[in-house]
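Enquirer: need coordinates for the following:
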Amino acid sequence: MKPTHRVCDVVCDIKSGSSRWIHDTIGLAVFNWQEGYGAFTTSVREDSHLREYIRNQKEYHRTKRYIEEYQQFLDEAGIEWDPNYLV
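Expert: All right, here's what the predicted structure looks like:
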């Protein structure tokens, strides 16, 4: 993303385009994104680590659930969260 892009607009575009793709390509009639979202930034120095994480994400999530990882991200960023709003 460029610094001039608003996160909310980018997320809206991603949700809209992927929903259309899911409905049209996969044919999943009942699909909706949750209302909220989270966005985190990384530095260029962490690029190789992030790429490695993405490559191994399927294996990684066999031992740690997504929701546990997301809560860890929030905690590490010092963000208060309510379990009622986490899926």
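Enquirer: contacts and neighbour counts: CA atoms only from here.
Expert: OK.
Enquirer: I'd like to know which elements the longest helix that the chain contains is packed against.
Expert: Longest helix in the chain, counting residues (DSSP state H): helix 7-21. Of the remaining helices and strands, none touches helix 7-21 by 3 or more C-alpha pairs under 8 Å, 6 or more residues apart in numbering; DSSP states H and E.
Enquirer: average pLDDT across it?
Expert: The average pLDDT within helix 7-21 is 94.
Enquirer: put the alpha carbons of the helix or strand following that helix into PDB.
Expert: In the C-terminal direction, the helix or strand that comes right after helix 7-21 (DSSP states H and E) is helix 47-55. Listed next in PDB are the C-alpha coordinates belonging to helix 47-55 (Å, rounded to 0.1, in the frame of the first residue of the first chain):
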ATOM      1  CA  ASP A  47      10.200  -9.100   4.500                       C
ATOM      2  CA  SER A  48      11.900 -12.400   4.200                       C
ATOM      3  CA  HIS A  49      10.500 -13.500   7.600                       C
ATOM      4  CA  LEU A  50       7.000 -12.600   6.500                       C
ATOM      5  CA  ARG A  51       7.400 -14.400   3.200                       C
ATOM      6  CA  GLU A  52       8.600 -17.500   5.000                       C
ATOM      7  CA  TYR A  53       5.600 -17.300   7.400                       C
ATOM      8  CA  ILE A  54       3.200 -17.100   4.400                       C
ATOM      9  CA  ARG A  55       4.800 -20.100   2.700                       C
END
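Enquirer: which element follows helix 47-55 toward the C-terminus?
Expert: Of the helices and strands lying after helix 47-55 in sequence (DSSP H and E), the nearest is helix 57-60.
Enquirer: no further queries at this time; thank you.
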